[in-house]
Every structure is written in structure tokens, then in C-alpha cells.
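Student: Sequence and predicted structure below; questions after.
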Amino acid sequence: MPRGVKKGLNSKKFDRCVTKVKRKSGKKVNPYAVCNASMSGKTRHRKK
């Protein structure tokens, strides 16, 4: 299992997410934390 992946998440999707976050943000954020939060469904969705 790759570093920082929560149990039950798809590792291919997680790897893709990490590379996208790294490419877009550089060193500003932790890509593993961003992907875990977004894929686990624990984030709040903004209302439009």
C-alpha cells in the first residue's frame, strides 16, 4: 500500500490524485492529506 492511503481507497485513483495535487500546488500543501480528505468523503461541499 502506498504511503498515507486510508483503508478502502482505490490506490490507482489515490496515486493519480497525489500527482495532480503535486503538479498544481508544488510544496504549498500536503498532497496525501488533500487526497485522503477528498476521497474519503469527509469534506464539506460548498453550496452554490
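Tutor: That came through, no problem.
Student: His13 - how many residues pack around it?
Tutor: No, residue 13 isn't His; it's Lys. 11 (other Cβ atoms under 10 Å). For the C-beta atoms, the positions are set from N, CA and C on the backbone; glycine is no exception.
Student: Leaving out the residues flanking it, which one is nearest to it?
Tutor: Leaving aside its sequence neighbours, Lys13 sits nearest to Met39 (Cβ to Cβ, 6 or more residues apart in numbering; 6.8 Å).
Student: Hmm, that neighbour is touching Ser11, no?
Tutor: No. Between Met39 and Ser11 there is no contact under Cβ atoms under 8 Å: 10.7 Å.
Student: higher neighbour count, the two?
Tutor: Met39 (17 against 10).
Student: tally of neighbours for Phe14?
Tutor: Phe14, neighbours per other Cβ under 10 Å, totals 22.
Student: quick one, phi/psi of it?
Tutor: phi -60, psi -40 (degrees, to the nearest 10).
Student: Confirm for me that it is in contact with Met39.
Tutor: Yes. Between Phe14 and Met39 there is a contact under Cβ under 8 Å: 6.5 Å.
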